[in-house]
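**Q** Here is a sequence together with a model predicted from it:
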Amino acid sequence: MDEAPEKYPGRRPHRPTDVQRRLVQMLAAEGIPQREICRALEIDPKTLRRHYRRELDIAAAKLESALTFHLLRIAGGRGAVALKAIRFALQSRFGWSEFAPRPPG
């Protein structure tokens, strides 16, 4: 006797759980690369981006704010490291360049 064909050939559709959603957000917020998150969940990168877009976006915002806070804390200090942090913050966040012409006035 032949068995009935499966409704979905290949892998079953991915159905994210709340635990998986929290895991993705936590790992991404810590800066873990997407390929490593995929490995942990045993899913394809395309599946990760399709089903966890919101979690990835929230995690990216959390990571950026944490790094910015840390950078500004360092920039508030003294010495060469603080000066480098200030210059980096001005260049990356505000488009400042030491080579740009000075504004008139």
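**A** Now that the structure is in, tell me what you want to look at.

**Q** Pretty sure Val24 sits against Ile37.
**A** Yes. When contacts are counted by C-beta atoms under 8 Å, Val24 is listed as touching Ile37 (5.9 Å). All C-beta atoms are positioned from the backbone trio N, CA, C, and that covers glycine.

**Q** which of the two has more neighbours?
**A** Val24 (26 against 23; other C-beta atoms under 10 Å).

**Q** Look at the more buried one and report its pLDDT.
**A** On pLDDT, Val24 comes in at 98.

**Q** Contact partners for the residue most central in space within the chain?
**A** Closest residue to the average C-alpha location of the chain: Ala60 at 3.4 Å, with C-alpha atoms, centre = their mean. Going by C-beta atoms under 8 Å, 6 or more residues apart in numbering, Ala60 touches Ala28.

**Q** which stretch of helix or strand covers it?
**A** Element membership of Ala60, judged by DSSP states H and E, is helix 53-75.

**Q** Overlap in contacts, Val24 and Ile37.
**A** Leu48.

**Q** Next up, phi/psi of Ile32, please.
**A** phi -70, psi 130 (degrees, to the nearest 10).

**Q** That one: neighbouring residues, count only.
**A** So Ile32, with other C-beta under 10 Å, has 16 neighbours.

**Q** can you check Ala89 too?
**A** Ala89, neighbours per other C-beta under 10 Å, totals 16.

**Q** hang on, it packs against Leu71?
**A** Yes. Under the criterion of C-beta under 8 Å, Ala89 makes contact with Leu71 at 5.7 Å.

**Q** buried ones in the helix holding Ala60?
**A** Neighbour counts over helix 53-75 (16 or more other C-beta atoms under 10 Å) mark 55-56, 59, 71, 75 as buried.
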